[in-house]
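1. Fold the following, please.
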Amino acid sequence: MMWVFGYGSLMWDDWEQRFGGVRVDQAVLAGHRRSFNKKSVTNWGTLNAPGPTLGLEPDRNADCTGTAFEFPEEQQVAVEGFLKAREGPSFTLTVLLVVLPGGQEVRALTPVNDRTKPTYIGNIPLMQRRDMARRARGTSGACADYVRNIHEKLTSLSIVDADVNEFAALVGDIDTAS
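-> As a prediction, this is how the structure comes out:
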């Protein structure tokens, strides 16, 4: 069997059904947190007005709650190909240890944004990324809507993420009290 860990839109768009996913469960990735640290120049922004989108940031004091997907081993090549195309060249597929409910640890393929690529913007001050999100618009829509959707989806899954809540509140027009 093979596992994939998702922490953003992979968690909720039912992509795993195409590859015969056999199990979906909440999981925790230690030592990482979500961050709007990857610039989108197509879907949620443009070259002239990039939009900050979700990636992982290493943080030894943090945990990232997401979703683990289990697949039959014979689907590994197809799943990896799909993820590489979906996530793009600024992400690497890294095998990381995640913990399932009940404490079982599994090694899961995880899309991790490459912090050496020019798409990495985690070093840009948060308020500047907020301004980027407010003005960016790409082929999929306004980046502010993307931020709002991430916040709403995590909330609907009962996942409290302080970094997402903070960024969503900064972008504006979002109630993060829940």
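
2. In contact with residue 7, which residues?
-> 29, 34, 54, 56, 64, 66, 67, 110 (CB atoms under 8 Å, 6 or more residues apart in numbering). In this view, the C-beta of every residue, glycine as well, is placed from N, C-alpha and C.

3. Apply 10 Å and report the result again.
-> Residues in contact with residue 7 (CB atoms under 10 Å, 6 or more residues apart in numbering) are 27, 29, 32-34, 54-56, 64-67, 98, 110-112, 150, 154, 159, 161, 164.

4. can you pull the buried residues of stretch 88-106?
-> Neighbour-count burial for stretch 88-106, counted by 16 or more other CB atoms under 10 Å, picks out 90, 91, 96, 98, 99, 100, 106.

5. pLDDT value on the residue nearest to residue 157 when sequence neighbours are not counted, please?
-> Counting by CB to CB, 6 or more residues apart in numbering, residue 11 is the residue found nearest to residue 157 once chain neighbours are left out, at 7.0 Å. Looking at residue 11, its pLDDT reads 93.

6. on that earlier part again, can you tell me which of the buried residues of stretch 88-106 are in strands?
-> Secondary structure defined by DSSP state E assigns 91, 96, 98, 99, 106 of the buried residues of stretch 88-106 to strands.

7. picking that back up, from the contacts of residue 7, which land in helices?
-> 150, 154, 164 (DSSP state H).

8. OK, contacts around the first one?
-> If a contact means CB under 10 Å, 6+ apart, then residue 150 has 7, 8, 9, 11, 34, 36, 53, 54, 161, 164, 167, 168 as its contacts.

9. which residues sit in contact with the most centrally placed residue in the chain?
-> When the chain is reduced to its mean C-alpha position, the closest residue under CA atoms, centre = their mean turns out to be residue 8, at 3.3 Å. Residue 8 makes contact with 34, 53-56, 66-67, 87, 111, 146, 149-150, 153-154, 164 under the criterion CB under 10 Å, 6+ apart.

10. circling back to that earlier point, what's the closest of the contacts of residue 150 to residue 44?
-> Proximity of the contacts of residue 150 to residue 44 (CB to CB) peaks at residue 53, which lies at 5.6 Å.

11. Hmm, the closest one is touching residue 44, no?
-> Yes. Counting by CB atoms under 10 Å, residue 53 does reach residue 44; the two are 5.6 Å apart.

12. before we move on, back to that, so what's the residue count around the residue nearest to residue 157?
-> Using other CB atoms under 10 Å, residue 11 has 21 neighbouring residues.

13. Can you pull the phi/psi pair for it?
-> phi -70, psi -20 (degrees, to the nearest 10).
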